[in-house]
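K.L.:
just need the structure, nothing else, for what follows:
(chains A and B)
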Amino acid sequence: MDAPITIAEAAAGLRSRTYSAVELLASCTARADALDASLGVYIARFDEAATAAARAADRAFAVGEDRGQLQGVPIGVKDIIRTEEAATTGNTTVVNPAWEVCEDATVVARLREAGAVVTGKLTTMELAIGVPDETEPFPYPRNPWDTTRWAGGSSSGSASGVAAGMFLGALGSDTGGSIRLPATYCGITGHKPTFGLVPKDGVIPLGNSMDVVGPLARTAADARTLLGVIRGHAPADACSAPIAAGAPMPAPSSIDGLTLGVDRSHLDGDAVDPAFRDAFEAAVEQLAGHGLALVDVSSPMYDEVTAASIITWNSEAYAYHRRALREQPGRFGASARAVFMNGGLIGAGDYIQAQKVRRLGRERVARLFDEVDLIIGPTATGVAPRVEGLDFAQVAASVYTNYWSGLGNPAVNIPIGFSAEGLPFGCQLAAPAFADALLLDVAELYQRDTDFHLRRPASLGREPLDATR
Amino acid sequence: MQPGEHPTWPQARARLAAEGIEPDPGTEAVLRDGYPGLRGLIDAVHAVGDAAELDGLLILDAGDASASGGAATPPAS
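P.N.:
Numbers count the residues shown, from 1 in each chain, chains lettered A, B, ... in the order given. Sure, this is the predicted structure:
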C-alpha cells in the first residue's frame, strides 16, 4: 500500500484502521531516512517523542477518543518556532538565550492538543531572512523536483519536506513571502494567514509587524485543517487578533456571485517564462469556469507598498538583532549579516513613512476589495533557481509576495502547472483581511479539478506503507 | 524628503558606526554597493509618505490587524 500524501487521506486511513499512527509515522520516517541527506529538510528529528505521540494517538483511537483530523498525523515545524524537545537554532550560530528555551510555542502546543505528531524541526534560511548561505553549518535545503535547485525560503524544509512526503503538513512563517515562495517552488499549497490571526509567540521574529505563522500542505483543504487548529487569540502575542482559539473554521461558503480580480501587471517582460503565462491564464479560466466573474485589476500602490514592506522588515530585523550584530557579528552568515546591517542604514523617518505607505495601501486595497472578492496574481514568474551561482537579487525580481505581507492580507500559493523542465509554477490568491476561509474555499475549488498540487517528482516515487495490522 | 536628500554613503556608514556596528570589509562592500538600491526604496516611500496627511502612529498591533484592509472586522467566532 502507498503511504498517504494528504492529511485528509491519512485521517481517513487512521479512522478506518487501514494503518496505525505508528505505521504512518514509520513510513514518513523511512522516507526521511532515504531522502534527507540529499534534500536537507531536518535540523532535528524527534523520532522518540514522535513515536510516543503516535502511540498515544493510536491509544486514543482505540478508545474512541478523536480530537480531529490531525490526530496521529505527522507534522513538521520550521526551526524558528519553539518546541519542548530541542532548542531553536534559526539555522544560525548566533547565540541568544531566548532561543535555547525548550517550551512549545502556542502554535505547537495547539498542534499537540489536536493530537498531531510533531516529527522535528525544519531548515530555514538563516534567521528567516530568505537568503541562502552555504557557508553556514546547516543542511542546505534543496528542491525535491531537482536537487540541483533551491527549495525556496525561508520556510525551506517545511515546503520540501511536504513535497517529498517526509510529513503531511508543516508550519512555516512568512514575513515577505517565506511560506508562499518555497510552496510555489516545491509545488505545494502554502497559506500566509491574515496578520494577527495566528499567534507568533515563541517564534524568532524577523519583522514584528509583518511576521505570520502559517500552514504548508499538499492541499488547500489540509491547509484549512492546520489553520483551524493554530488560529485564534493567544495572550502571549500582543499582535494576536481577538478571535476565539479553537473556534471552528467557517464552513465552506458558496462562491456564487464572487468576483475575481485578475492582476496581470507582472506578466510582461522577458524575465517571465512564457509557459508561466499560459499556466496562469489556464488557472484564471478554470476559476471562471466555476462561475467566478473576472475583472482586470492592478494592485494599488504596488511598488510603494513593496518598498515599504522591505524597509519595514529590514528595520525591524535590525532592531531585533542589533545587539548580536555588535557583539557577535562573525557568528552571522555573510548574507544574513549584510541584510541585517542594511536595516541599520534606514532612518527613523524612513521607517515611519513606510508605515504611512502601508496604511495608505491598506485603505486603497480595501476599496478595491469593495469591487472584487479575491485577487489572483503570480507568486513568482519563474521556477526554482539552481543552487550553483544563485543570484538572489535576480530571484527576488521575479517574486511578488512582499506586497501582501506589507498590507497584512491573507494570501495563498496554489500550484498551477509545470515548466518545460518539469518544475512547478504557482500563483497567489489574496483576499480581504480575515477572509482566510474564503480564500481557502476558492483554492480548494480550484484543486478539485486539478492535480498539480498532488503530483510528486517521479524520481521520489511513493513510500510503501507497511501496515501489519 | 526629495531624491538626493538622503545621507550619503559615508554618512550612512557613520550612522552604523555610531550604533557600534562595524561591518567586515566584505559586508561593507555589499552594503555600499547596495546602498543606491536602498535609497531607491526609501525615495519610493517618501514620495508617497511625505505628501500624505495622516495622523497617529501607524505601527501594526492587534487592533490594527483587526482593522487591516480598512474597515474589515474579524468574525466573531
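
K.L.:
which residues in chain A form helices?
P.N.:
A:7-15, A:21-39, A:47-62, A:106-113, A:156-164, A:180-186, A:220-230, A:274-288, A:302-327, A:334-343, A:348-368, A:392-396, A:402-407, A:436-448 (DSSP state H).

K.L.:
adding distance to residue A:90 and mean pLDDT, write the ones you listed out as TSV.
P.N.:
C-beta coordinates here come from the backbone N, C-alpha and C atoms, glycine included. Below are the helices of chain A laid out as TSV (distance: least, CB to CB, whole Å; pLDDT from 0 to 100):
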stretch	distance to residue A:90	mean pLDDT
helix A:7-15	27	98
helix A:21-39	19	97
helix A:47-62	21	98
helix A:106-113	15	98
helix A:156-164	12	97
helix A:180-186	16	98
helix A:220-230	20	97
helix A:274-288	32	97
helix A:302-327	10	97
helix A:334-343	10	95
helix A:348-368	23	93
helix A:392-396	19	87
helix A:402-407	19	96
helix A:436-448	26	95
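
K.L.:
how about those helices, which one is nearest residue B:23?
P.N.:
Among the helices of chain A, the nearest to residue B:23 by CB to CB is helix A:334-343 (5.6 Å).

K.L.:
counting contacts, what elements does that closest one pack onto?
P.N.:
helix A:302-327, helix B:25-49 (3 or more CB pairs under 8 Å, 6 or more residues apart in numbering or on different chains; DSSP states H and E).

K.L.:
can you tell me which of those helices is packed in deepest?
P.N.:
The highest mean neighbour count among those, using mean count of other CB atoms under 10 Å in any protein chain shown, belongs to helix A:302-327: a mean of 22.

K.L.:
and it with helix A:348-368, angle?
P.N.:
Calculated by axes from the mean of the first three to the mean of the last three CA atoms, to 10 degrees, helix A:302-327 forms an angle of 140 degrees with helix A:348-368.

K.L.:
how far off helix A:334-343 does helix A:302-327 point, in degrees?
P.N.:
110 degrees.

K.L.:
which elements pack onto helix A:302-327?
P.N.:
helix A:334-343, helix A:348-368, helix A:402-407, helix B:25-49.

K.L.:
out of the ones you listed, which is closest to residue A:106?
P.N.:
helix A:402-407 (21.1 Å).

K.L.:
buried sites along the closest one?
P.N.:
Within helix A:402-407, the residues that count as buried by 16 or more other CB atoms under 10 Å in any protein chain shown are A:402-407.

K.L.:
and if you look at stretch A:366-382?
P.N.:
In stretch A:366-382, counting by 16+ other CB under 10 Å, buried: A:366, A:368-369, A:372-382.

K.L.:
touching chain B at all, that stretch?
P.N.:
Yes - against chain B, stretch A:366-382 shows contacts by CB under 8 Å from any CB of the partner chain at A:366-367, A:369.

K.L.:
let me know the closest of the buried residues of helix A:402-407 to chain B.
P.N.:
Distances from chain B to the buried residues of helix A:402-407, taken as CB to the nearest CB, are shortest for residue A:407 (7.1 Å).

K.L.:
surely the closest one is in contact with residue A:362?
P.N.:
Yes - if you go by CB atoms under 8 Å, residue A:407 and residue A:362 touch, sitting 5.3 Å apart.

K.L.:
dump the helices of chain A to a markdown table, plus distance to residue A:250.
P.N.:
Shown next, in a markdown table, are the helices of chain A (distance: least, CB to CB, whole Å):
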| stretch | distance to residue A:250 |
| --- | --- |
| helix A:7-15 | 18 |
| helix A:21-39 | 29 |
| helix A:47-62 | 27 |
| helix A:106-113 | 18 |
| helix A:156-164 | 25 |
| helix A:180-186 | 22 |
| helix A:220-230 | 10 |
| helix A:274-288 | 20 |
| helix A:302-327 | 28 |
| helix A:334-343 | 38 |
| helix A:348-368 | 20 |
| helix A:392-396 | 35 |
| helix A:402-407 | 21 |
| helix A:436-448 | 4 |
